[in-house]
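**Student:** Sequence unavailable; structure follows:
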């Protein structure tokens, strides 16, 4: 006769002699002091770690008060840990003569880590245009990989799977900018290294650089030579004409030189604020018209205040 008794799983000793609270606490993330030698940089990390004045201030702060905010890292396949955020803090610890730093180790896949890494650094004030471009590109590609190919039953139900959905629009919405702005910034990664350096050095403005990024690599190389020979960089209108000539197959050494040697029109005396510059001062729901009206209203108040002060 078969026994009707059910199999009983015996609890482990740790389960028997630990409380529910202890088991829950074991699942929580905790700060660990990890040797700096076991912390490795995130692969293709787009943000530079500079030994500048800001770094000196961080080093002095760590010497006085220690590392106040733990870094975030994930287990590394080859051993040790891969930093997701905290590259500057690690460098500061090295300069301060420390051997370890506080770290929270978190299990996350590469794409999740990329998104976290970009979000943790993108709002820093001293981000260069190329750092921002490379970081946004990494985040956009990670979001696309995470989205994958939608299942058929999801295609008509999820707005993120609609034909109009683009990951660059999603990245822009999170940062308070348009998808077009994100696409323009990311286009800078198509510049050859020499032009990327000129953008970071502010020898070429970002707006004409968007147009130049559309040129073929050999055309960009020719532009580098022309800039060196003429000691001049293209304006927005010049860059736009180069792009048009490139698209029609008519951009060559002669046409590029004609554009670069022409007498530039004097710049119109105007001040331009991009929506990205102003966005941080307004709620996300504000339209450009609402932002403009608010700015004019505040300027009117400022003008009246000045007039009253002058009348005293």
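**Tutor:** All right, it came through fine. Please read all numbers here as calculations on a predicted model, not as lab measurements.
**Student:** so where's this structure uncertain?
**Tutor:** The chain contains residues with pLDDT under 70 at 1-28, 149-166, 264-272, 274-276, 308-312.
**Student:** residue ranges of the strands in it, please?
**Tutor:** 31-35, 39-40, 71-75, 81-85, 100-105 (DSSP state E).
**Student:** Name the residues of the longest one that come out as buried.
**Tutor:** Spelled out, it's strand 100-105. Neighbour counts over strand 100-105 (16 or more other Cβ atoms under 10 Å) mark 101, 102, 103, 104, 105 as buried. All C-beta atoms are positioned from the backbone trio N, CA, C, and that covers glycine.
**Student:** coming back round to it: looking at the strands of the chain, which is nearest to residue 181?
**Tutor:** strand 81-85 (24.5 Å; Cβ to Cβ).
**Student:** neighbouring contacts of the closest one?
**Tutor:** Contact partners of strand 81-85, identified using Cβ atoms under 8 Å, 6 or more residues apart in numbering, comprise 34, 38-43, 71-76, 90, 103, 105-106, 108, 113, 116-117, 120-121.
**Student:** Which of these are buried, as a ChimeraX select command?
**Tutor:** This is the ChimeraX syntax for the buried subset of those, where burial follows 16+ other Cβ under 10 Å:
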select :34,39,42,71,72,73,74,90,103,105,108,113,116,117,120,121
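**Student:** contacting residues around residue 118?
**Tutor:** Counting by Cβ under 8 Å, 6+ apart, residue 118 has contacts 46, 135, 136, 138, 139.
**Student:** Please tell me how far it sits from residue 182.
**Tutor:** 12 Å (Cβ to Cβ, to the nearest Å).
**Student:** just checking, what's the longest helix in the chain?
**Tutor:** Using DSSP state H to define each element, the chain has its longest helix at helix 288-311.
**Student:** quick one: buried residues of that one?
**Tutor:** For helix 288-311, a neighbour-count test (16+ other Cβ under 10 Å) marks residue 291 as buried.
**Student:** which secondary structure elements does it contact?
**Tutor:** helix 275-279 (3 or more Cβ pairs under 8 Å, 6 or more residues apart in numbering; DSSP states H and E).
**Student:** if we can go back for a sec, can you pick the most crowded of the contacts of residue 118?
**Tutor:** Per-residue neighbour counts (other Cβ atoms under 10 Å) across those peak at residue 139, which has 27 neighbours.
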